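Peer 1: sequence first, predicted coordinates after that:
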Amino acid sequence: MDLLKKSFRKSLSIISRLVGEEVIIVPTVGKKQDLKKIYAVSGSGVRIWSLLDGKRSLKVIRNILIKEFDVLPDKLEKDLVSIIGELVDKKFIEAI
């Protein structure tokens, strides 16, 4: 299945807050050492994070970002897929 057809939502096992120009993400479950880690998302990642609502597909999110940012569509799509991969690997988001 094409990744751009999938929708993602934020995991129920994290807490996130916008602080200044960054989104701070804190895991609430997992290994003890994981609970001590705080992650920050900045730049275009903040906008991507705000669009991950479980309803929009990555294709829709990509199209929104293309309109909002001055970037080539192929570059944006590559970066979007990379960011989504990192967020999935850290279990901050999940496909639905």
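Peer 2: Now that the structure is in, tell me what you want to look at. Numbers count the residues shown, from 1 in each chain.

Peer 1: packing partners of the top helix by length along the chain?
Peer 2: Using DSSP state H, we find that the single longest helix of the chain is helix 73-89. In terms of contacts (3 or more C-beta pairs under 8 Å, 6 or more residues apart in numbering; DSSP states H and E), helix 73-89 is packed against strand 7-10, helix 44-51, helix 58-68, strand 93-95. Just so you know, the C-beta spots here come from the backbone N, C-alpha and C atoms, and that holds for glycine as well.

Peer 1: what comes into contact with the longest one?
Peer 2: Outside helix 58-68, the residues that touch it by C-beta atoms under 8 Å, 6 or more residues apart in numbering are 3-8, 44, 47-48, 51-52, 56, 71, 73, 76-77, 80-81, 84.

Peer 1: mind checking which of those residues are buried?
Peer 2: Neighbour-count burial (16 or more other C-beta atoms under 10 Å) is assigned, among the contacts of helix 58-68, to 3-4, 7-8, 44, 48, 52, 76-77, 80, 84.

Peer 1: among these, which one lies nearest to Ile96?
Peer 2: Each of those was scored against Ile96 by C-beta to C-beta, and Ser7 proved nearest at 5.6 Å.
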